[in-house]
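Peer 1: Prediction below, plus the sequence it came from.
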Amino acid sequence: MAHRQEDIGNRIRETRRALGLSQLELAGDDLSASYVSLLESGKRSATKHVVDILAARLETSAEYLLEGIDVRARDGQELRLRYAELALQNGEGDEALTHFRQLVAETDPDSAVHREASWGACRALEASGRIEEAIEAYDRVRMAALNDPDHHPRWAEAIIALCRCSGEVGDLSRAIELGEEALRHLGELGLQLSDLQVQIVSTLVGSYYYRGDLVRAQILATQLIDAVEGMASPLARGAAYWNASLVAESRGRLGEAINLAEKAVAMYSEASNQRSYARVKVAYAWLLLRQAEPALARSTALLTQARAELSESGGTLAVAYCDTELARCELLAGRSAEAIVIAQRVVEQIGEGRIEAGRAMLVIGQALCEQGNLGDGRAQVAHAAQILQGAGGGREAATAWREAGDVLSQLGEHMAATDAYQRALGLLGVSAAPTPAGLRSLVES
């Protein structure tokens with residue numbers, strides 16, 4: 001870092017005056033008062049040896065004189081940064097956010113503490129379920145790191161987070177735009193395949209999958225699996241297997257999807273990313289529950305482990321996804337009361353504005369019907385349909401509509417079930433064929 005002599009001189013003069021020293025007293029036996037005067041005016045530059053001498057006499061550090069960094073203040077800031085990180089790891093997102101934001105406000109934008117606090121604030125917002133705010137914060141980090149070679153990994157991490165969060169609010173087009181833009185940028189840099197690049201491609205595969213662009217998702221997933229087979233990194237391979245499993249399931253190859261998910265779980269067990277390890281266990285359990293004979297015991301064990309881990313580091317939405325599948329396990333096991341309690345917790349945690357709330361309400365509706373309370377069960381399913389109607393598009397919404405159709409059909413609500421199936425198909429790009437006039441008149445009569 002280049003140090004401005006004028007700034008260094010100002011810090012020497014201000015510190016000297018605060019201690020009540022004259023220039024002659026600061027100079028001592030080995031420097032001259034005139035030399036100190038030239039230093040304070042910014043007309044001379046000091047060698048490292050001279051800076052060390054002056055720092056000792058001024059009861060400060062060379063770092064402070066050169067860069068304006070108070071070591072004691074910096075140490076205190078780093079301690080508070082570690083405390084905020086600990087709060088975030090313990091699931092105390094709001095408390096962590098408060099500390100991170102205070103550090104952002106107090107520190108120099110070029111300092112390491114400022115950058116780490118800014119990143120921490122992004123993660124705290126996401127962990128607290130404030131996804132829209134997290135997107136804005138991650139985007140600021142992305143832009144700040146874009147042209148900074150020293151912080152290029154943070155740029156890639158911000159891209160991954162932005163794709164993830166954009167997907168969670170239903171803005172899959174934005175997630176795909178960011179992912180494709182990142183791949184072009186990395187290609188221009190000519191970088192070798194790295195963990196972060198693999199995670200960007202994996203995230204992009206997931207975004208295409210959730211939007212229903214299965215051909216593009218399949219092409220990318222196949223290329224990615226081929227690319228990572230020779231890599232030593234379990235994190236890279238785990239990310240590739242995870243998203244490839246989703247694509248395989250979407251194409252009706254459930255056995256292959258489960259095999260890939262098992263590989264992903266094994267890879268993440270060797271990595272240090274607890275959040276991703278927990279989330280891939282949820283995805284694996286989701287697949288196991290979709291077998292002809294759901295693996296209830298295995299799924300429940302995986303989800304219980306994942307929930308404990310996500311409660312510490314996963315964030316509100318990640319916990320909600322896990323809870324919905326835990327509620328489904330209880331429902332399939334014949335414990336409808338327990339299923340209702342868990343599913344209601346999901347709705348309370350994330351509110352009624354997200355697809356996951358609709359999926360949780362479908363479980364509640366089924367559980368109420370299992371208890372013989374058909375009126376309230378139908379009402380819950382109808383309410384779930386209203387939530388899905390306003391919760392956006394993509395494959396995730398289509399899957400939820402398909403599930404709603406199945407529940408409505410079981411309840412004998414055949415017209416409503418047909419509407420749900422049509423909505424699911426529409427979200428996947430399958431439109432209804434035109435009906436001949438003669439057939440239409442027969443149906444209407």
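Peer 2: Structure's in. What do you need? Numbering: from 1, shown residues only.

Peer 1: in which helix or strand would I find residue 381?
Peer 2: helix 374-389 (DSSP states H and E).

Peer 1: Return the mean pLDDT over that helix, rounded to an integer.
Peer 2: The average of the pLDDT scores along helix 374-389 is 81.

Peer 1: any idea of the angle whatever helix or strand comes next after it forms with helix 374-389?
Peer 2: Downstream of helix 374-389, the next assigned helix or strand under DSSP H and E is helix 395-410. Angle, helix 395-410 to helix 374-389, by axes from the mean of the first three to the mean of the last three Cα atoms, to 10 degrees: 160 degrees.

Peer 1: by contact count, what packs against helix 395-410?
Peer 2: Contacts defined by 3 or more Cβ pairs under 8 Å, 6 or more residues apart in numbering; DSSP states H and E place helix 395-410 against helix 195-211, helix 355-370, helix 374-389, helix 414-427. C-beta here means a position set from N, CA and C on the backbone, and glycine is covered the same way.

Peer 1: need the contact list for residue 349.
Peer 2: Applying Cβ atoms under 8 Å, 6 or more residues apart in numbering to residue 349 gives the contacts 129, 316, 319, 320, 323.

Peer 1: what helix or strand does the last one sit in?
Peer 2: When you say that, I think you mean residue 323. Using DSSP H and E, residue 323 falls in helix 316-332.

Peer 1: May I see the buried residues of that helix?
Peer 2: Buried residues in helix 316-332, counted by 16 or more other Cβ atoms under 10 Å: 316-331.

Peer 1: try stretch 221-238
Peer 2: Those would be 221, 224, 225, 227, 228, 233, 234, 235, 236, 237, 238, for stretch 221-238 by 16+ other Cβ under 10 Å.

Peer 1: and the spatially most central residue of the chain, what is it in contact with?
Peer 2: Against the mean C-alpha coordinate of the chain, by Cα atoms, centre = their mean, the closest residue is residue 161 at 4.4 Å. Residues near residue 161 by Cβ under 8 Å, 6+ apart: 122, 123, 126, 134, 138.

Peer 1: most surrounded residue in those residues?
Peer 2: residue 138 (28 neighbours; other Cβ atoms under 10 Å).

Peer 1: quick one: it from residue 160, how far?
Peer 2: Distance from residue 138 to residue 160, counting by Cβ to Cβ, to the nearest Å: 9 Å.

Peer 1: Need the buried residues of stretch 221-238 in TSV (columns: secondary structure).
Peer 2: Shown next, in TSV, are those (DSSP: H, G, I helix; E, B strand; the rest coil):
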residue	secondary structure
221	helix
224	helix
225	helix
227	helix
228	helix
233	coil
234	helix
235	helix
236	helix
237	helix
238	helix
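
Peer 1: Let's test this: mean pLDDT of stretch 305-320, rounded?
Peer 2: Mean predicted lDDT for stretch 305-320 stands at 85.

Peer 1: Same check on stretch 329-336?
Peer 2: Averaging pLDDT along stretch 329-336 yields 93.

Peer 1: List the contacts of that stretch.
Peer 2: Contacts of stretch 329-336 (Cβ under 8 Å, 6+ apart): 289, 294, 296, 299-300, 303, 338-339, 342, 363, 366-368, 370-371.

Peer 1: Quote the end-to-end distance of that stretch.
Peer 2: 10 Å (Cα to Cα, to the nearest Å).

Peer 1: All the strands of the stretch 201-350 of the chain, in order from the start?
Peer 2: Assigned by DSSP state E, counting those that start in this stretch, the stretch 201-350 of the chain shows no strands.

Peer 1: Show me the shaky parts of this protein.
Peer 2: Along the chain, segments meeting pLDDT under 70 span 1-3, 68-75, 149-152, 188-193, 232, 313-314, 391-398, 424-445.

Peer 1: Got the domain ranges for it?
Peer 2: As given by automatic domain parsing, the domain ranges for the chain are 5-69, 130-270, 297-427.

Peer 1: so what's residue 162 up against?
Peer 2: With contact set as Cβ under 8 Å, 6+ apart, residue 162 has these partners: 135, 138, 139, 142, 174, 175, 178.

Peer 1: is it true that the fifth one touches residue 166?
Peer 2: Yes. Counting by Cβ atoms under 8 Å, residue 166 is a contact partner of residue 174 at 4.4 Å.

Peer 1: out of those two, which sits in the more crowded spot?
Peer 2: For residue 174 and residue 166, the more surrounded residue by other Cβ under 10 Å is residue 166, and the numbers stand at 24 against 17.

Peer 1: Which residue, other than its chain neighbours, is closest to the more buried one?
Peer 2: Nearest non-adjacent residue to residue 166, counting by Cβ to Cβ, 6 or more residues apart in numbering: residue 175, 4.0 Å away.

Peer 1: Not counting stretch 38-45 itself, show me its contacts.
Peer 2: The contact list for stretch 38-45 (Cβ under 8 Å, 6+ apart) reads 4-10, 12-13, 16, 23, 35, 46, 50, 54.

Peer 1: mind saving the C-alpha coords of it as PDB?
Peer 2: Once non-C-alpha atoms are left out, stretch 38-45 reads as follows in PDB (Å, rounded to 0.1, in the frame of the first residue of the first chain):
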ATOM      1  CA  LEU A  38       9.900  18.200   7.600                       C
ATOM      2  CA  LEU A  39       8.300  14.900   8.400                       C
ATOM      3  CA  GLU A  40       5.300  16.500   9.900                       C
ATOM      4  CA  SER A  41       4.800  18.800   7.000                       C
ATOM      5  CA  GLY A  42       5.000  15.900   4.600                       C
ATOM      6  CA  LYS A  43       8.100  17.200   2.800                       C
ATOM      7  CA  ARG A  44      10.300  14.300   3.800                       C
ATOM      8  CA  SER A  45       9.600  10.600   3.900                       C
END
